[in-house]
Structure formats: C-alpha cells, structure tokens
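Enquirer: got a sequence here, can you build the structure:
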Amino acid sequence: MSEEEPELIAATDIKRYHFCPRIIYFTRVLGVEERTTESEVEGREAHAEFHRKERRRTTLLGGKTIRVEQKWTALQLKSEKLGLEGIVDMVVKTPEGYAVVEYKMTTTPKRIMPDHLYQAAAYTMLVEEAFKTIVRKLYVYYEKSGRLIEIPMTESIRRHVLWTIGRIRSIIENEKLPPAKPSGKCKSCGYRWVCREA
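Expert: Next comes the predicted model:
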C-alpha cells in the first residue's frame, strides 16, 4: 500500500477509540487480538439471528410504527474519501428516507453510549456516500432491553466522526500509546491483560 493510499479505518475502530483510545494502539500498532469472551461469542450468534429475522420483516424490528420499503442487512461498505470501512448491521428505506440501524446485544444503557453513537454515525456516513443520499436519522437497538433509540444525524456528529478518524490515524502513524484513564469499563475490557503490562 502506497503512502498516498493510507489503510482504511474500520467503524469498529471508532467504537474502540470511544471506549478507550489505548485499544487502537494495542490492535492497530501491536496487532494484539482481543481475548474472546463468552459474551462475545453470544453476541456474534445474536447478530446472525438479528440479520436472519430482519431479512423477512416489513416493519422496523417487527414494530408497528415504522414501515420499511427496502432493507439491506450486513452491508459491507468502504470509502476512500472518508478513509473508512465497515459492515452496517442494517440500512432501511422508509417513507421518510434512509436510516441506519446498529444492533447491540450485550448492554442495556439508559441512554446511548458514545462509542455506539459514533460507530453508528460512521456507518451512516458510509451509507450516505454509497447511496448518494443524506441520512437524517440513525437508530441503535439494544436487544436485551428491547429499546430502540433514535438519534438525529447532525453536522456536529459527522464532524466528530472525522475528528475521531484523524485521532485514530495519529495513534497508528505515531505509534504512541495514549495515557491510561482507568474506569469501571476496564473490568469488562478484553484488552485488560495487555493494558496492565503496557
């Protein structure tokens, strides 16, 4: 790969950065893989089941309020312009336009978590480019609680995604480990073992 064509940043990297920037260093600089937990295996299985169910539904998540005219699941997209790639859980075309749905199995937060928001927003930007449209809203569906959170897609969210891509690229290119900021999230992190050694 030439210097003119930098490696694409994955939308999951955006989620990882907002969970903890150190994960970017461990995965993209050191090549460390996350230790697979039982909940991750369960999550992958739940994702497959989500895609299977959604392929045959004519309304959003089987609800009664949002009619779906067209639907794409597990849609693989990439953009050289954004320097971004990812697999979108679901894109729907409703009477109001296109929307992106990000599926989360393992958590039941009271409000949307920043790592989930900006990952979904990154997918939304990929969809906008691929479908040559403006996406005005995105959804994050928390399966365990059955909560579907709707978020308006704003210019400030788009700018923050681009800022995040720049920060991720900086960590990779400079090969510099971000400082540790211990929090309650550390307990469930699959990179905790390497973080303690860093």
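
Enquirer: once you drop chain neighbours, what's closest to residue 29?
Expert: residue 175 (5.1 Å; Cβ to Cβ, 6 or more residues apart in numbering). All C-beta atoms are positioned from the backbone trio N, CA, C, and that covers glycine.

Enquirer: tell me if I'm right that that neighbour and residue 30 touch.
Expert: No - contact criterion Cβ atoms under 8 Å: residue 175 and residue 30 do not qualify, at 9.0 Å.

Enquirer: the more surrounded of these two?
Expert: residue 30 (13 against 10; other Cβ atoms under 10 Å).

Enquirer: check contacts around the closest residue to that one other than its chain neighbours.
Expert: Closest residue in space to residue 30, ignoring its immediate chain neighbours: residue 194 at 7.6 Å, by Cβ to Cβ, 6+ apart. The contact partners of residue 194, by Cβ atoms under 8 Å, 6 or more residues apart in numbering, come to 26, 30, 32.

Enquirer: looking at those residues, which has the smallest pLDDT value?
Expert: Lowest pLDDT of these: residue 32, 91.

Enquirer: any idea how far residue 189 is from that one?
Expert: Distance, residue 32 to residue 189, by Cβ to Cβ, to the nearest Å: 12 Å.

Enquirer: swap in residue 89?
Expert: From residue 89 to residue 189 the distance is 22 Å (Cβ to Cβ).

Enquirer: what does residue 161 give?
Expert: 23 Å.

Enquirer: ditto for residue 79
Expert: Taken as Cβ to Cβ, the span from residue 79 to residue 189 is 29 Å.

Enquirer: average pLDDT for the helix ranked longest in the chain?
Expert: Scanning the chain for the longest helix, with DSSP state H as the assignment, gives helix 155-174. Mean pLDDT, helix 155-174: 97.

Enquirer: the more surrounded of residue 89 and residue 189?
Expert: More crowded of residue 89 and residue 189, by other Cβ under 10 Å: residue 89, with 24 against 17.

Enquirer: angle of the helix or strand encompassing the more buried one against helix 155-174?
Expert: Using DSSP states H and E, residue 89 sits in strand 84-94. Here the directions of strand 84-94 and helix 155-174 differ by 160 degrees (axes from the mean of the first three to the mean of the last three Cα atoms, to 10 degrees).

Enquirer: which helices and strands does strand 84-94 pack with?
Expert: If contacts are counted by 3 or more Cβ pairs under 8 Å, 6 or more residues apart in numbering; DSSP states H and E, strand 84-94 sits against strand 9-10, helix 11-19, helix 38-54, strand 70-79, strand 97-104, helix 114-131.

Enquirer: again, 6 Å this time
Expert: Applying 3 or more Cβ pairs under 6 Å, 6 or more residues apart in numbering; DSSP states H and E, one finds that strand 84-94 contacts strand 9-10, strand 70-79, strand 97-104, helix 114-131.
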